[in-house]
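Asker: Sharing a model that was predicted from the sequence below.
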Amino acid sequence: QQQVKQSPQSLIVQKGGISIINCAYENTAFDYFPWYQQFPGKGPALLIAIRPDVSEKKEGRFTISFNKSAKQFSLHIMDSQPGDSATYFCAASRGASGTYKYIFGTGTRLKVLA
Amino acid sequence: NAGVTQTPKFRILKIGQSMTLQCAQDMNHNYMYWYRQDPGMGLKLIYYSVGAGITDKGEVPNGYNVSRSTTEDFPLRLELAAPSQTSVYFCASRQGARTEAFFGQGTRLTVV
């Protein structure tokens, strides 16, 4: 019930292409869905986040699509660049209970070919 | 801006030894977390704290202990280190619900 399932495990995209990473969750009490980007040797850093009362959020080349009924959300990276090569994690958080725990997906290693 | 600071960055322990991983944040955040990251396994929550004096177990707490005597510090204690505890450990903090979590640079621990 606390799991967040992420796919694919790895992804190779040509420069200029669209990268799509998917996540699915089970617990309907989750109310905050961030995506984190991690470069080798660094800690994860927030990329973009969405709340369940909206279906889409866009920031520059990065878009989150959220499907509440299907309990799924995805990250789209438009015009992918070699600098986007990193590991991406989706996460879910439940704040209403006061625990504020973040539950992370298993990560997607993205490689963008020049 | 220091953010979240973890020490040490690297450590090699022998089986059965103990150590404390330090984590400090200067953002006055109430919520702090310890995660471990194993290759291909994502981030697993070890312990978390919602304020000074309050801690609770996460998904994988066995073999670890924490304390939170101040808002700033959240040390993670490993007792009787085992090879299964070889991992990269991340500390994170955030202000509250629906807010960004800030991560430290990580501590790479090897138990031999």
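Answerer: Yes, it's here.
Asker: helix/strand/coil for the residue of chain B found nearest chain A?
Answerer: Across chain B, the shortest distance to chain A (CB to the nearest CB) belongs to B:A97, at 2.6 Å. C-betas here are computed from N, CA, C, even on glycine. Applying DSSP: H, G, I helix; E, B strand; the rest coil to B:A97 yields a three-state assignment of coil.
Asker: now swap in A:L46 and tell me
Answerer: strand.
Asker: swap in B:N28?
Answerer: Put simply, B:N28 is coil when judged by three-state DSSP.
Asker: Also the one 4 residues further on?
Answerer: Following three-state DSSP, B:M32 is assigned to strand.
Asker: Could you give the bridge partners of it?
Answerer: Note on B:M32: beta-bridge partners by DSSP bridges are B:S49, B:S93.
Asker: ok, it - contacts?
Answerer: B:M32 is in contact with B:23, B:25, B:48-49, B:68, B:74, B:91-93, counting by CB atoms under 8 Å, 6 or more residues apart in numbering or on different chains.
Asker: Get me the contact residues on chain B for chain A.
Answerer: Applying the criterion CB under 8 Å from any CB of the partner chain, the portion of chain B that neighbours chain A consists of B:4, B:31, B:33, B:35, B:40-45, B:48, B:50, B:56, B:58-59, B:90, B:92, B:94, B:96-98, B:100-101, B:103-106.
Asker: Residue ranges in chain A under the pLDDT threshold?
Answerer: Confidence mapping of chain A against pLDDT under 70 gives the ranges A:1-2, A:95-100.
Asker: mind listing the helices for it?
Answerer: Using DSSP state H, chain A contains no helices.
Asker: Low-confidence stretches in chain B?
Answerer: B:1.
Asker: on that earlier part again, ok, the residue of chain B closest to chain A touching A:S93?
Answerer: Yes - counting by CB atoms under 8 Å, B:A97 touches A:S93, with 7.1 Å between them.
Asker: In TSV, list the contacts of B:M32 along with distance to A:Q3.
Answerer: What follows is the contacts of B:M32, written out as TSV (distance: CB to CB, whole Å):
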residue	distance to A:Q3
B:C23	26
B:Q25	28
B:Y48	17
B:S49	23
B:R68	27
B:F74	25
B:C91	23
B:A92	19
B:S93	24
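Asker: Tabulate those in CSV, adding columns for distance to A:H76 and neighbour count.
Answerer: As requested, the contacts of B:M32 are arranged in CSV below (distance: CB to CB, whole Å; neighbours: other CB atoms under 10 Å in any protein chain shown):
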residue, distance to A:H76, neighbour count
B:C23, 34, 25
B:Q25, 32, 23
B:Y48, 30, 24
B:S49, 35, 20
B:R68, 38, 19
B:F74, 35, 29
B:C91, 30, 27
B:A92, 25, 27
B:S93, 29, 26
